[in-house]
Each structure stands twice: as C-alpha cells, then as structure tokens.
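> test case, fold it:
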Amino acid sequence: MTDFVKKVTGTAKELADTLVDKAEDAFDVLSDKAEDAFEVVKERGTELRDRAQASLRETPVLNRAKALKAMSTEEGVLPAFEKYYHEDVVMQENDEEPRRGKVANREFLTQWAANVETVHGGGLGAIASNEADQVSMVESWIEVTFVGGNRQKLQEVAIQHWKGDKIIRERFYYKG
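As a prediction, the model looks like this:
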C-alpha cells in the first residue's frame, strides 16, 4: 500500500505542479491583456478629454453667456450690460412692450438698480445654448431688498439672441 500511496502522492504533486504552471501562464496572459486594455483606456480617455475640450472651445455663445452672468455677479449688471449688449438691443419682460435700443434699456436697468437697497445673493440655475442659431438660455435668481424694505427672491429665464459677441434681443420670463 505504500507504493500505491507514493504513486498517488507523486501523481497528485505532478498534477498540482502542472496546475500551478498553468495558473502562472494564465496569470501572465491576463496581466498582459490587462496592460493592453489599460493602454487602450488611457488612449481613449485622452481622446475623449481632447474632444470635450475642443467642444468647449466650439461653444462661443455658451461661453459668452457664462461670462456675462459671471461679470453681472462680480462687477454688477450695468458693466456687464455695457460690454455684452448691442447698441440696437431689444429687451422684453414677459408679455410687456419691448424696450428698443441700448439707451432705453440702460435707463431701465439704471432705474431698477437704483431701487435695490441690498443684494443678498444670486445664482445660476441651468444654462444652455444653440450655437447654430446663436441663442443662449439662462435660468437665474437674485435675492434683493428694495428701497423701502421689501425683500424678494426673483427667478427668471432669459432667452438671449446674439449677433456676433453682443446680445441683440433678450426676453425674460418670470412669475410677475
């Protein structure tokens, strides 16, 4: 019985050694495949990053709309108006009669700003653009206290039509 046990033990050891060799071979193959896959993912990731960065550069209307909103927040509505609005701009509040020209709209904004005692905050909700038609859509809010103490949170959506790097037409939609 000892020879039988030795023979079985030897066969089992040979089988185990063979399985270990096969497992090491399989591990080497899998490791090579994993490295190949990692390289593909790195290359594809770089390609996708480059495409995303290119698409950001190809959205001038969206970029200008974001810059306008940032400037309005940081420097105020009037400096942003001066930089980003066309001389022939037409602006409209909901269904009210449109205001035509930069002079009339500047006067409107100046009067509105003069009625604001304190700005408590503001922000941007959604923003999107149709680059082909040069249109941006901006959802925003501002919380202000008007002269006399009336504090309000104002929310609106502005549809902005651009002509080059200036807004030529803008319409505001809000609960009024």
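> burial count for residue 83?
Residue neighbour count, defined by other CB atoms under 10 Å, stands at 14 for residue 83. The C-beta positions use only the backbone N, C-alpha and C, and glycine is treated the same way.
> tell me the secondary structure at the spatially closest residue to it that is not a sequence neighbour.
Counting by CB to CB, 6 or more residues apart in numbering, residue 71 is the residue found nearest to residue 83 once chain neighbours are left out, at 6.7 Å. Three-state assignment for residue 71 (DSSP: H, G, I helix; E, B strand; the rest coil): helix.
> could you pull out the buried residues of stretch 154-163?
Taking 16 or more other CB atoms under 10 Å as the neighbour-count basis, stretch 154-163 is seen to contain the buried residues 156, 158, 160-162.
> oh, I was asking about stretch 161-176
Counting neighbours by 16+ other CB under 10 Å, stretch 161-176 gives 161-162, 167-173 as buried.
> thinking again about what came up before, any idea of the pLDDT on the residue nearest to residue 83?
In the predicted model, residue 71 carries a pLDDT score of 93.
> follow-up on the earlier one: could you export the buried residues of stretch 154-163 as TSV, including secondary structure and pLDDT?
Rendered in TSV, the data for these read as follows (DSSP: H, G, I helix; E, B strand; the rest coil; pLDDT from 0 to 100):
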residue	secondary structure	pLDDT
156	strand	97
158	strand	98
160	strand	98
161	strand	98
162	strand	98
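> about what we covered before: how many neighbours does the residue nearest to residue 83 have?
Using other CB under 10 Å, residue 71 has 17 neighbouring residues.
> what sits against the nearest residue to residue 135 once chain neighbours are set aside?
Leaving aside its chain neighbours, residue 135 sits nearest to residue 161 (5.5 Å; criterion: CB to CB, 6+ apart). If a contact means CB atoms under 8 Å, 6 or more residues apart in numbering, then residue 161 has 133-135, 167-170 as its contacts.
> can you redo the residues you listed as JSON lines with distance to residue 102?
Shown next, in JSON lines, are the contacts of residue 161 (distance: CB to CB, whole Å):
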{"residue": "133", "distance to residue 102": "22"}
{"residue": "134", "distance to residue 102": "18"}
{"residue": "135", "distance to residue 102": "20"}
{"residue": "167", "distance to residue 102": "10"}
{"residue": "168", "distance to residue 102": "11"}
{"residue": "169", "distance to residue 102": "12"}
{"residue": "170", "distance to residue 102": "12"}
